[in-house]
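Novice: here you go, sequence then predicted model.
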Amino acid sequence: MKSAYELAMERLQKQSPSVQLTDEQRREIAEIDSQYKAKIAERELLLEDQIRREHSSGNMAEIDQLRKQLSSELRRLSEEAEQKKEKIRQKKIG
């Protein structure tokens, strides 16, 4: 008898089979991860510094705007990275 987990995993595998990546694809994905982690860290540092400066001057409206900007930019960068990695995953092997 198979467990519910095993049955669910079999159905999932049939719906969208896992992709075997080549070493080159893994390397490219790791490079994208590295690049985007650096970009994200850079934006976080810059905007967090601006938020601290605005906080010390008491400009709450600007703080809210900067936090929204930070959230938006982090989301955009993450989505951009995922799109690039998905293109690599979709490349034909061989």
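Specialist: Sure, I can see it.
Novice: contacts and neighbour counts: CA atoms only from here.
Specialist: Noted.
Novice: in contact with the most centrally placed residue in the chain, which residues are there?
Specialist: Centrality entry for the chain: nearest residue to the mean C-alpha point is S78, 3.3 Å, by Cα atoms, centre = their mean. By Cα atoms under 8 Å, 6 or more residues apart in numbering, the contact list for S78 reads Y36.
Novice: state the helix or strand in which it lies.
Specialist: Per DSSP states H and E, S78 falls inside helix 60-90.
Novice: any buried residues in that helix, and which?
Specialist: By neighbour count with 16 or more other Cα atoms under 10 Å, helix 60-90 contains the buried residues I63, L66, R67, L70, L74, L77, S78, A81, E82, K85, I88, R89.
Novice: in the helix or strand hosting D49, what's buried?
Specialist: D49 belongs to helix 23-57 when assigned by DSSP H and E. Across helix 23-57, burial judged by 16+ other Cα under 10 Å covers 25, 28-29, 32-33, 36, 40, 43-44, 47-48, 51, 54.
Novice: circling back: quick one: mean pLDDT over the helix holding S78.
Specialist: Helix 60-90 shows an average pLDDT of 94 in the prediction.
Novice: check stretch 9-22 too.
Specialist: Averaged over stretch 9-22, pLDDT sits at 75.
Novice: looking at the buried residues of helix 60-90, which is nearest L12?
Specialist: Nearest to L12 among the buried residues of helix 60-90 is R89, at 18.1 Å by Cα to Cα.
Novice: from S72, how far off is that closest one?
Specialist: 26 Å (Cα to Cα, to the nearest Å).
Novice: could you do S78 as well?
Specialist: In terms of Cα to Cα, S78 sits 10 Å off from S72.
Novice: then S56?
Specialist: Relative to S72, S56 is positioned 23 Å away (Cα to Cα).
Novice: spit out the contact partners of Q50.
Specialist: Contacts of Q50 were listed using Cα under 8 Å, 6+ apart, and they are L66.
Novice: 10 Å instead?
Specialist: Each residue near Q50 by Cα atoms under 10 Å, 6 or more residues apart in numbering is listed here: E44, E62, I63, L66, R67.
Novice: returning to what we had before: quick one: the helix holding D49 to chain centroid distance?
Specialist: Here helix 23-57 is found 11 Å from its chain centre; the criterion is Cα atoms, centre = their mean, to the nearest Å.
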